[in-house]
Structure formats: structure tokens, C-alpha cells
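In: Can you look at this prediction? I've put the sequence above it.
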Amino acid sequence: MGTRFSKSASPYILNQPKTVTASPTSDSEAATTASNILLLAERLEQCMRRLQGCFLSADGKAMDYLGMKNSPQFVEFVNCAVELQQASLTPLSGVSNESLRKAFFINIYNLMTMHALIELSARDTGIPRSMLDVKDFWRSFEYKIGGLTFSLDDIEHGILRGNRPHPRDLWSRCYFNAKDERVPLALSQCDPRIHFCLNCGAQACPRVSVYSGTDTGSLESALNGAAKAFCAENIVLDGTRNEIHLSKIFQWYEQDFGSDRTGMLARVSGWLNDDKEVQLRALMSKEAKVIFVPYDWRVNSTSQAGA
């Protein structure tokens, strides 16, 4: 497949200050929350919920990017995102704040994806038809947060996967090097459920949701809900043919779910309903063939894709 978008000499900072229409957020509120990452995270969650309420499809899988880009809801979000540059990440640091950090960076990842696609829609080329049409999409756009920069890959692999290397990088032991200032923000362990929460803009991606880390129990419930919803839709069991059909996500990140194929399937079985779990384990005992379904990289836009 040809590439219609080239990577710029350096990543584009999406949340750099620019002249925008006044946001409904008051100046005093912005000043109060600009340096407080926890309050800013709550405002971003609110912005995300408003964007979803107006522009997310009923099944939670597609966005109206063209309708969103000139909306007051998007302007409000952009202004809030700009404030991330001045916020301190210290309140999110440390093992005791991992739930907050996990929810924050899941939301930032999904917001950045939307923001980047809208940025592309404003260019002459418009929204791509496929995420693979954009060269190095996941490294070409960044947010600056508290003086540090984060691309989508930085967030997924460096932070949320606990500083594990990109699946394509077979020779590295970690994503960030030991001297990287972002290393302290990496989660201490890789929670494989993040793969059911991150939406990279493709139609095969999980549903877009908002996550809050202020209540660990609520976050756990939301993560389990995302896992069960994704597995219900993306695991197909064929007892007649002795086959297990899985999303490519389980192939790319197999080591996040278990030490081997059997471990991965055993972990996944816990997110299936009782009948389907029994069926999966029966197929596993028969050494069923595992088939990874080709990923649908078409952009999850309800608007007409760029030509």
C-alpha cells in the first residue's frame, strides 16, 4: 500500500499554543488548573465525554472527525491540551499513583489519536483512508506534557506497557533507554488490558471510552469491561474446524498476555463468558489451530475519507 503522508523532519507538537476561538472555560479556571495535573486530567475527561456525546458513533467505534474539528467542544479540548505543557507530572509519579497514571495516559493516547487525525484533516491531503497511509503516524505527532514530549508509541510502549520494546524491535530489552527522563513514569508492570482500551484510529481498534484513575475499583471494573467487550467481539471459536480466530492484537502482544501461546490463551479465557470459556479450553486441549485475523486499518471515521 502506498504512503500518502510523509513524516516531517521532526515530530509535530499537537498541543503547542496557537490562536484559537475563546473556550467556554474561564481564564480563572484555566489558571487554577494549568499547573495541577490531577485537575487538568479531570477536565480532559470531561472534554472527552463531551466530544464522545456529540461525535462518537453509537457502537463507540467511529468518530465524526470533520464535524468535530470546528466544534466548540473541540476548541475547548484543544485549549485544555495546551495547558498540559505547564502541568507538573509529579502527582502522577510513583507506584502508589499507578492507577492515576494508567488512566491518564490511556485517555491522552486516545485524545492524541483524535487530535492527530483532525490535524491531518486540516491539511490538503485530508483524512487518510487507512492508518497505514500515514508514514510513522504513531511517532510523527507528540504532546508536550510538563516539559517532556510523548508520541503515541512513547505512551503505549514506554509508559503503559512498562517500558517494553516495540513488537517490531526484536533486539531491545526496553523502549526508553535508562537515562530517559520519562522512565520514572513507566508503569511497574504491563497490564495487558490496556490493549483493549487504546484506539489508534483504525476500524479494528477497541471502542473509545473514558477512564478515571481516582477510584482504583472503578478503573479495574472499566478495564475488565473493556477486556470482556473486546474479547466477545474478536474471539471466534470454531469447534467443527478445530480453530481459534483471534485479533492480530493477541499476536503482536502475545508476550504481554502470557509467556507463550498457551499462557496467552489461558489469560484471555478469563475474559470470556462461561460457555465460551469452556469451549476455548476444550479447543486448547485439542491443540486447535490459532488463526490471527488480518487487521482492518481503515480509518474509523464516519466522515468521508480524504481522496
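Out: Ah, there it is.

In: which stretches of the stretch 1-150 of the chain form strands?
Out: For the stretch 1-150 of the chain, the strands defined by DSSP state E, counting those that start in this stretch cover 12-13, 141-145, 148-151.

In: Let me know the pLDDT of residue 30.
Out: Per-residue confidence (pLDDT) for residue 30: 46.

In: How about residue 171?
Out: For residue 171, pLDDT reads 85.

In: picking up where we left off before, between the strands of the stretch 1-150 of the chain, which one is closest to residue 249.
Out: In terms of Cβ to Cβ, the element of the strands of the stretch 1-150 of the chain nearest to residue 249 is strand 148-151, at 19.5 Å. (Glycine included, C-beta is placed from N, CA and C.)

In: lowest-pLDDT helix or strand in this protein?
Out: Here the helix or strand of the chain ranked lowest by mean pLDDT, DSSP states H and E is helix 27-33, holding a mean of 47.

In: coming back round to it: between the strands of the stretch 1-150 of the chain, which one is nearest to residue 279?
Out: With Cβ to Cβ as the yardstick, what comes closest out of those is strand 148-151 (39.7 Å).

In: which ones are touching the residue nearest the centre of the chain?
Out: Most central in the chain under Cα atoms, centre = their mean is residue 198, positioned 2.6 Å from the mean C-alpha point. Counting by Cβ atoms under 8 Å, 6 or more residues apart in numbering, residue 198 makes contact with 106, 109, 110, 156, 160, 205, 206.

In: Could you do residue 301 as well?
Out: 62, 63, 64, 65, 66, 117, 127.

In: Can you report how many residues lie near the first one?
Out: So that's residue 62. Neighbourhood size, residue 62 [other Cβ atoms under 10 Å]: 18.

In: for it, what are its contacts?
Out: 56, 203, 300, 301, 302.

In: Got the confidence number for it?
Out: For residue 62, the pLDDT comes out at 93.

In: List the buried residues of stretch 179-191.
Out: For stretch 179-191, a neighbour-count test (16 or more other Cβ atoms under 10 Å) marks 180, 182, 185, 186, 187, 190, 191 as buried.

In: Please disregard the earlier target; I meant stretch 79-96.
Out: Those would be 79, 80, 81, 82, 83, 84, 85, 86, 87, 89, 91, 92, for stretch 79-96 by 16+ other Cβ under 10 Å.

In: now that stretch: how far from the chain's centre is it?
Out: Centre-to-centre, stretch 79-96 and its host chain are 18 Å apart (Cα atoms, centre = their mean, to the nearest Å).

In: end-to-end on that stretch?
Out: Stretch 79-96 has an end-to-end distance of 30 Å (Cα to Cα, to the nearest Å).

In: what about residue 221, how many neighbours?
Out: Using other Cβ under 10 Å: residue 221 sits among 11 other residues.

In: what about it, distance to residue 215?
Out: Distance, residue 221 to residue 215, by Cβ to Cβ, to the nearest Å: 9 Å.

In: Domain ranges for this structure, per the record?
Out: Following automatic domain parsing, the chain resolves into domains at 12-203, 228-293.

In: ok, and which of those has the densest surroundings?
Out: Most buried of the domains of the chain, by mean neighbour count (mean count of other Cβ atoms under 10 Å): domain 12-203, with a mean of 18.

In: Quote the end-to-end distance of that domain.
Out: 24 Å.

In: and the buried residues of stretch 79-96, which of them are in helices?
Out: Here DSSP state H is the test, and the buried residues of stretch 79-96 give 79, 80, 81, 82, 83 as lying in helices.

In: Make TSV out of those and add pLDDT and distance to residue 133.
Out: Formatted as TSV, these follow (pLDDT from 0 to 100; distance: Cβ to Cβ, whole Å):
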residue	pLDDT	distance to residue 133
79	96	30
80	96	29
81	97	25
82	97	28
83	96	32
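
In: closest to residue 36 among these?
Out: Checking these against residue 36 by Cβ to Cβ gives residue 83 as the nearest, at 9.6 Å.

In: so how far is residue 214 from residue 191?
Out: Distance, residue 191 to residue 214, by Cβ to Cβ: 17 Å.

In: got it, and residue 71?
Out: Residue 71 is 27 Å from residue 214, by Cβ to Cβ.

In: One more: residue 300?
Out: Here residue 300 is placed at a distance of 28 Å from residue 214 (Cβ to Cβ).

In: Show me which of these two is the more surrounded one.
Out: Neighbour count, other Cβ under 10 Å: between residue 300 and residue 214, residue 300 has more, with 25 against 13.
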